[in-house]
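# Please find the sequence and the predicted model below.
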Amino acid sequence: MKICIYPGSFDPVTCGHLDIIYRASKICDKLIVAVGNNESKKPLFTTEERVNLLKLALKDRPDIEIDSFSGLLIDYVKKRNADFVIKGLRALSDFEYEFQMALLNKNQDPNIETLFLVTSINYSYLSSSAVKELARNKGNIDGLVPDCIKDIIMKKFEDKR
Ligand code: PNS
């Protein structure tokens, strides 16, 4: 039984993340999507909100677990007895950072393998930051985030105005 963890900030989850989640779920027996509780990144949504947005977006997929973690990813991976970490790669620009993270994690625990899934071309330009920038300025985020969370994201910025 291969357990995979797809960690991320998911602030908020985008259609690009969902694409990686669906594809990752086909190559592992159990997929855990884990929201990193990293307050130093000053996320727009709290960890609990980000978990709930993922739960809404994946309500049709009870086989996929949504969780959160604090501290080091490798400690969480060990705690969950996972075999692989899954990361998505959009462009060359992601590679340097993800390469460093994968090697740092391997330095900390040589048993941990990171698998990279290359994003679908449709989502190669998409990021949570871009979604937030659009929503902050009342732009159109249709098709960029799951429909069921679109209004929650737009409302978050209305509340902030
Ligand atoms: O979506 P992101 O921003 O790429 O996700 C980042 C996340 C949560 C996966 C990353 O920040 C992380 O792994 N944080 C835990 C701390 C850690 O283990 N860092 C690596 C060693 S310095």
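Structure received. Numbers count the residues shown, from 1 in each chain.

# Quick check: nearest residue in space to His17, chain neighbours excluded?
Excluding the flanking residues, the one nearest His17 by CB to CB, 6 or more residues apart in numbering is Phe10, at 6.2 Å. C-beta: built from backbone N, CA, C; applies to glycine.

# Over to Tyr76?
Of all residues not flanking Tyr76 in the chain, Phe69 sits nearest, at 3.9 Å (CB to CB, 6+ apart).

# can I assume the one you found is in contact with Asn38?
No. Applying CB atoms under 8 Å, one finds Phe69 not in contact with Asn38, separated by 9.6 Å.

# With neighbour numbers in mind, choose between these two.
Phe69 (20 against 14; other CB atoms under 10 Å).

# For the more buried one, which residues are in contact?
7, 34-37, 76 (CB atoms under 8 Å, 6 or more residues apart in numbering).

# 10 Å instead, please
Contacts for Phe69 were tallied using CB atoms under 10 Å, 6 or more residues apart in numbering; they are 5, 7, 32, 34-38, 47, 75-77, 79-80.

# For Phe69 and Asn38, list the residues in contact with both.
When contacts are counted by CB under 10 Å, 6+ apart, Phe69 and Asn38 are jointly contacted by Thr47.

# For the ligand, what's the nearest residue on the chain?
Of all residues in the chain, Gly36 sits closest to the ligand, at 2.5 Å by CB to the nearest ligand atom.

# That residue contacts Leu73, correct?
Yes. If you go by CB atoms under 10 Å, Gly36 and Leu73 touch, sitting 7.3 Å apart.

# Mind listing the shared neighbours of the two?
Pro7.

# circling back: the residue nearest to Tyr76 pairs with what?
Gly36 (DSSP bridges).

# Quick check: the gap between it and Leu104.
16 Å (CB to CB, to the nearest Å).

# separation between the residue nearest to Tyr76 and Ser93?
Going from Phe69 to Ser93 by CB to CB gives 25 Å.

# Kindly report the same for Asp29.
Asp29 is 32 Å from Ser93, by CB to CB.

# where along this protein do the strands fall?
3-8, 30-36, 65-69, 84-89, 113-118 (DSSP state E).

# in the third one, what's buried?
It refers to strand 65-69. Within strand 65-69, the residues that qualify as buried are 66, 68-69, counting by 16 or more other CB atoms under 10 Å.

# now do the last one
By neighbour count, and taking 16+ other CB under 10 Å as the criterion, the buried residues in strand 113-118 are 114, 116-117.
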